[in-house]
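>>> please work out how this folds:
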Amino acid sequence: MKKFNSILIVLFFAGMFFSCKKYLTVNPKTQMPQDVIFSTEGGFKDALTGVYIQMKNNNTYGAALTQTTIESLTSSWDVTSNSNEQRLGLFNYGDAGVQTSFEKIWGQQYATIASVNAILGQIDAKQSVFTTPGLYEMIKGECLALRAYLHFDMLRLFGPIPGNTASAMLPYVTVLSNTPNAKVSYTEFQNALYKDLNDAENLIKSVDPITKYSISQLKNPGISSGFNPNDNFFAFRYLRMNYYAVKGLQARVYLWFNDSSKAYECAKLVIDAKNTDGTSKFRLGTINDYTGKDFVLTSEHLFGLYDFDMYNKYVTNYSSGLLKKGSSESTIKTQLYGNTGTDMRESSLWELITLGNGTKCYVIKKYQAIANSLVTSTTDFKQIPMLRLSEMYLIAAEAAPYAEGVEYLKTFRTARNIGNMAVPANPAALQTEIIKEYRKEFYAEGQGFFNYKRLNVPKASFLFAPSAATVNYVVPVPKTEAI
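Numbers count the residues shown, from 1 in each chain. Okay, the predicted model is just below:
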């Protein structure tokens, strides 16, 4: 890992927009030494906000780990001959351009981890600056969970297929230092993940407003909503690593390490979460959400990153035809969705567009957003999904005992308007159907590749894999990194 020559934290000043989630829409103003920025509660809050902004960088969750590089590995988009995207789809890891793509992910991901560790390295020593009840626990818990989230995706991308462990693997970085971090064993990495997530859960559970208030209340803080915090930093928790996001991430992690019982337990806790009035904390999206232009299904987000520039990115990447798949219905409606005639994703999540040169292509509308000049607080869906309720249903379907798993799959499919599909006859058939749902559900989110890798899915079951490809799920650690 590249050395840090100095320890500086970028200070961000948060600006509110529509008096809600836009506390994440800010611009860097200056740099300040750690002893200055971490001398107040506000400094810690600004530093944490900066972490979320880093996570939206195009080299990680802003693009590479959701819509571009990671999706090229599953050939989710049409490519031109001899392009970097084509070589990614062929798993040509020796290509210089492909290596650069992964170097950028590696560098940005560990840079964000460094920012998290800068906060964690100071927060206990500076605990006396916290006077707001619960703020210390919430910030520290979020940082620990974010550190786990960021490291886990490094494992899923650069680590081995589960079960094929190695003596030395990747660094799990817990200290901000200018000394390169050594690789740790698979077991050590796993235990570090578990510890960060368990510590995060214990810190956040009793102080996180999301456990006491509905998502609607968190979106609309004020006297009239019944949730009126003195500090809006406690609002909009669905855009942060909240308690239920921690449990969702635990479910994802346990499933990766083949601990089905714990994966099911965590996923079920999220699925069953209730508000004080008995209504569900989160709900699966429906066709009505699509009708209301919420194509990313924000009601399902346990944790989403707010991206103020999503409208412009959609125009650049999708409306232009840069990220497209197929020019006829056979590719999307038939190959991807099975031509059900009812699946709401099949009928409403994609559209056929005509490019300037007259050619036609299909583009996904998942990140389609209303222009900033026209959007209102009720039509602002510019969120990058990081953890979704739909994934919890699919984890439960796989991790629960067979009969219960089938019921979770049926509930999920009913929400997608395909509840009349045949029930899988046995656990193997159930697993096959879950694989199909992952690639349909998480298109342009990056989760499809990770699911293929976790299960070591053979090429025959790998939709859209080029005939010339030799599937290789283990991405080499960048050669430029001296660890």
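>>> most centrally placed residue in the protein?
When CA atoms, centre = their mean is applied to the chain, the residue found nearest the centroid is Met386 (2.3 Å).
>>> which elements pack onto the host helix or strand of that one?
Using DSSP states H and E, Met386 sits in strand 383-388. Judged by 3 or more CB pairs under 8 Å, 6 or more residues apart in numbering; DSSP states H and E, strand 383-388 is in contact with helix 243-256, strand 301-306. For every residue, glycine as well, the C-beta is placed using N, CA and C.
>>> dump these to TSV, plus distance to Asp153, mean pLDDT and mean neighbour count.
As requested, the helices and strands packed on strand 383-388 are arranged in TSV below (distance: least, CB to CB, whole Å; pLDDT from 0 to 100; neighbours: other CB atoms under 10 Å):
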stretch	distance to Asp153	mean pLDDT	mean neighbour count
helix 243-256	10	98	25
strand 301-306	13	98	24
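>>> using the three-state scheme, assign Val423.
Judged by DSSP: H, G, I helix; E, B strand; the rest coil, the three-state class of Val423 is coil.
>>> which SSE is the closest residue to it other than its chain neighbours in?
Spatial nearest neighbour of Val423, excluding adjacent residues (CB to CB, 6 or more residues apart in numbering): Val406 at 5.8 Å. For Val406, the host element (DSSP H and E) is helix 402-415.
>>> buried residues, that helix. List them.
Gly405, Val406, Tyr408, Leu409, Lys410, Phe412, Arg413, Ala415 (16 or more other CB atoms under 10 Å).
>>> same deal with stretch 71-83?
Neighbour counts using 16+ other CB under 10 Å place Glu71, Ser72, Leu73, Thr74, Ser75, Ser76, Trp77, Asp78, Val79 of stretch 71-83 among the buried residues.
>>> what's in contact with it?
For stretch 71-83, the surrounding residues in contact (CB atoms under 8 Å, 6 or more residues apart in numbering) are 84-86, 88-89, 91, 323-326, 361, 439, 443-444, 446, 448-449, 452, 462-466, 469.
>>> mind listing which of those are in strands?
Residues of the contacts of stretch 71-83 located in strands (DSSP state E): Cys361.
>>> any quick ChimeraX command for the buried ones out of the contacts of stretch 71-83?
Of those, the buried ones go into a single ChimeraX selection, burial set by 16+ other CB under 10 Å:
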select :84,85,86,88,89,91,323,324,325,326,361,439,443,444,446,448,449,452,462,463,464,465,469
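>>> helices - which of the contacts of stretch 71-83 land there?
Counted as lying in helices by DSSP state H, out of the contacts of stretch 71-83, are Asn84, Glu85, Gln86, Leu88, Gly89, Arg439, Gly448, Phe449, Tyr452.
>>> tell me where the stretch 251-400 of the chain has strands.
For the stretch 251-400 of the chain, applying DSSP state E, counting those that start in this stretch gives strands covering 301-306, 350-354, 360-364, 383-388.
>>> what is the least confident helix or strand in this protein?
Least confident helix or strand, the chain: strand 8-13 with a mean of 37, by mean pLDDT, DSSP states H and E.
>>> what is the burial count for the spatially closest residue to Ser101 that is not a sequence neighbour?
Distances taken as CB to CB, 6+ apart place Thr69 nearest to Ser101, at 5.0 Å, with adjacent residues excluded. Using other CB atoms under 10 Å, Thr69 is surrounded by 25 other residues.
>>> from Glu391, how far out is Thr69?
Going from Thr69 to Glu391 by CB to CB, to the nearest Å gives 20 Å.
>>> over to Lys453?
Lys453 is 15 Å from Glu391, by CB to CB.
>>> okay, those two: which has more neighbours?
Per other CB under 10 Å, whichever of Lys453 and Glu391 has more neighbours is Glu391, with 26 against 22.
>>> please identify which of the helices and strands packed on strand 383-388 is closest to Thr211.
Proximity to Thr211, assessed across the helices and strands packed on strand 383-388 by CB to CB, is greatest for helix 243-256 (5.5 Å).
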